[in-house]
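Peer 1: coordinates only, no sequence provided:
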């Protein structure tokens, strides 16, 4: 039984689903995979279920009734993983913007002492490929803004390529996580930071998706901008 699981949310990722699953299983480390699929109209879930015969007791799928946001997908995945005996719980995208070959590096960082290992685009300059300049400036600016407001020393606060030790997710009240988009990633890191967990950033190269469509929206960005202020204010009135 592996003690490591990689949670990958999907919605209309039929072009990437099989490839990303095989890429994770190609690693030397024994990773398990949980796909959290939001009833994809393109039948991504059917592809995953078809692969379960090949990867018995390694590949799992959690099917939700509708698209309900990235944050809630991860929360559902975290809760599923915590019901099992996994000690290291990853989150990553299905579109290869997060390189599966970096999974062992994040895992090793947690084994070596980090409570959270973040695959960071900004810890060593800006390591982003195929993004337009406007998006790079928006993302990098957002991370600088988060550091200014929250005082966290994390340089890539919106990163979604992460390894959590089990103890971190057990300490955070997942049912009280409010945000669903980029702000979800910020909120999780901020809650962990406030509880004193060690967050280590591991430099990775982030590549924009080449297949499928981005789920980015203006509402997600707005949530992140105003959500950070809300998080900071609430933290001032909590222990």
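Peer 2: All right, it came through fine. Please read these numbers as outputs of a predicted model, since none were measured by experiment.
Peer 1: flag the shaky bits of this protein, pLDDT-wise.
Peer 2: By pLDDT under 70, the low-scoring segments of the chain are 209-226, 229, 233, 236-239.
Peer 1: residue 6 in helix, strand or coil?
Peer 2: Following DSSP: H, G, I helix; E, B strand; the rest coil, we place residue 6 in the strand state.
Peer 1: go on, residue 62?
Peer 2: Secondary structure state of residue 62, per three-state DSSP, is strand.
Peer 1: is it bridged to anything, and to what?
Peer 2: As for beta bridges, residue 62 partners with residue 36 under DSSP bridges.
Peer 1: mind listing what it touches?
Peer 2: By Cβ atoms under 8 Å, 6 or more residues apart in numbering, the contact set of residue 62 is 34-37, 76-77, 80. The C-beta positions use only the backbone N, C-alpha and C, and glycine is treated the same way.
Peer 1: now residue 191. Nearest residue, chain neighbours left out?
Peer 2: Spatial nearest neighbour of residue 191, chain neighbours left out: residue 172 (4.9 Å); criterion: Cβ to Cβ, 6 or more residues apart in numbering.
Peer 1: same thing with residue 26?
Peer 2: Using Cβ to Cβ, 6+ apart and skipping the chain neighbours, the partner closest in space to residue 26 is residue 100 (7.4 Å).
Peer 1: any idea how far that neighbour is from residue 194?
Peer 2: According to Cβ to Cβ, to the nearest Å, residue 100 stands 31 Å off from residue 194.
Peer 1: give me the more crowded residue out of these two.
Peer 2: residue 100 (20 against 15; other Cβ atoms under 10 Å).
Peer 1: could you verify my assumption that the more buried one touches residue 27?
Peer 2: Yes - using Cβ atoms under 8 Å, residue 100 is in contact with residue 27, at 6.5 Å.
Peer 1: was I right about residue 73 contacting residue 64?
Peer 2: Yes - using Cβ under 8 Å, residue 73 is in contact with residue 64, at 7.1 Å.
Peer 1: what touches both of these two?
Peer 2: 36, 38.
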